[in-house]
Structures are given as C-alpha cells and as structure tokens.
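Visitor: Model the following, please.
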Amino acid sequence: MLMNKRRYQTLDLTLAGMFVALMAIGANITSWAPFLQIAGVPLSMQPFFAILAGLLLGSRLGALSMTVYMFIGLAGAPVFAEFSAGPRVLLGSTGGFVLSYIPAAFVVGKMMEFNVKPNLRHFVTASFVGIIIIYLVGTNYMYLSLNLWLQIDMSYGATWLVMLWFGVKDMIFTLFGAFIAPRIYRATRRVQRTDHRSIA
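Guide: Below is the predicted model of the structure:
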C-alpha cells in the first residue's frame with residue numbers, strides 16, 4: 001500500500017509539473033508572435049491549459065499546479081506573460097487572470113470527480129464553467145485595478161467589451177480542449193491502472 005501511494009505521488013507531481021511548464025509556455029506565445037495582442041493585452045493559451053489541468057488532474061492537483069505556477073512567477077521566474085515576473089504582475093490589469101486559474105482548475109476538477117465515468121457532456125460542461133470563472137474573476141479584477149490603483153479610467157462595460165474579443169478565442173479553445181480531453185483522460189487512467197498492477 002505504501003509503495004502504491006509513493007508511486008502515485010510521483011506520477012501526480014510529474015503531471016502537475018507538466019502543467020506548470022505548459023502554463024509558462026502558454027503565457028508567452030506573443031513573445032514569438034508579437035502581433036497576437038488586443039488593446040495591448042497579449043493573447044495566451046493559459047485558460048486552455050488551466051481548464052485542461054482541472055479536467056485531467058482533478059480539483060486538488062489541478063489547483064495545486066496553478067498555485068505552484070503563480071508562486072514560481074511571484075518568486076521571480078519569468079513565467080508570466082512576456083516573460084515577466086514578480087508581485088507587480090498580480091497588481092497589474094491582468095493579475096486577476098493569474099489568480100483565476102486556481103479556482104477554475106479546482107472547480108473544473110471537482111465537477112469531474114463527481115462522475116465516475118465522465119462522458120463528453122461532462123467534459124464540455126465543466127470546461128465552460130471553468131472559462132466563466134476565469135472571465136468573471138479576471139475581468140472584474142481588471143476593472144478594479146484599472147480604476148482604483150492604476151488610475152486608468154475605464155467603464156465596466158468597456159472592460160468587458162475589450163475582454164469579449166479574448167472570450168471568443170478562449171471559448172473556441174475551451175470547446176477544443178473539452179473534445180480532446182476524454183481521450184487523454186482515459187489514457188492517463190490506463191497508465192495508472194497499469195502502474196497499480198505492476199506494483200501489486
């Protein structure tokens with residue numbers, strides 16, 4: 001039993017670490033393609049990877065991977081958008097999105113855990129709940145940061161209008177992720193069962 005537990009802990013940490021790396025990669029797509037920006041805000045694949053982490057890792061590990069990603073960036077590693085780092089990123093207009101990935105991954109993972117044998121409908125529903133959480137937290141935080149401490153006057157409606165363009169992109173990627181996730185999910189579970197039999 002102890003050996004099984006240790007093996008799963010190693011596998012879990014490996015998967016969580018993989019998503020930390022994917023978040024860093026997804027944040028910096030515009031570093032290689034600078035034209036992928038809207039109103040000075042870079043496009044990213046982070047919502048896609050955050051939701052996928054919840055779908056595949058579950059609530060605990062999904063949220064853990066997003067938390068580790070955030071703290072690595074806060075500690076000074078250039079893993080945020082445009083290879084930025086430090087607390088100033090969280091205080092910026094997009095800092096709410098970095099924070100939003102944690103509850104989004106947790107809720108998405110928790111929804112998946114309620115289903116012993118999830119089907120495509122479960123993946124799609126959980127994915128869209130995740131993207132809604134990301135935009136509710138991220139956009140409201142953007143509005144508050146712009147108007148309170150960044151001293152940039154922007155109406156609430158205008159803030160949502162700016163993010164609407166990103167929302168279209170993220171909705172498409174969210175749907176794409178929901179369709180590819182079941183196959184990866186089943187493959188991951190097969191690996192876990194194989195490891196369990198090999199140790200038993």
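Visitor: continuing past the host helix or strand of residue 59, what's the next helix or strand?
Guide: Assigned by DSSP states H and E, residue 59 belongs to helix 46-74. Using DSSP H and E, the next helix or strand after helix 46-74 towards the C-terminus is helix 87-91.
Visitor: Could you name the helices and strands sitting against the helix holding residue 59?
Guide: Applying 3 or more C-beta pairs under 8 Å, 6 or more residues apart in numbering; DSSP states H and E, one finds that helix 46-74 contacts helix 2-27, helix 87-91, helix 95-113, helix 120-144, helix 156-199. Just so you know, the C-beta spots here come from the backbone N, C-alpha and C atoms, and that holds for glycine as well.
Visitor: let's see 6 Å
Guide: With contacts taken as 3 or more C-beta pairs under 6 Å, 6 or more residues apart in numbering; DSSP states H and E, helix 46-74 sits against helix 2-27, helix 95-113, helix 120-144, helix 156-199.
Visitor: most tightly surrounded among those helices?
Guide: Mean neighbour count (mean count of other C-beta atoms under 10 Å) peaks for helix 95-113 among the helices and strands packed on helix 46-74, with a mean of 23.
Visitor: So for the helix holding residue 59, what gets flagged as buried?
Guide: 46-59, 61-70, 72-74 (16 or more other C-beta atoms under 10 Å).
Visitor: how many other residues sit next to the residue lying closest to residue 25 once chain neighbours are set aside?
Guide: Nearest non-adjacent residue to residue 25, counting by C-beta to C-beta, 6 or more residues apart in numbering: residue 45, 7.5 Å away. By the criterion of other C-beta atoms under 10 Å, residue 45 has 19 neighbours.
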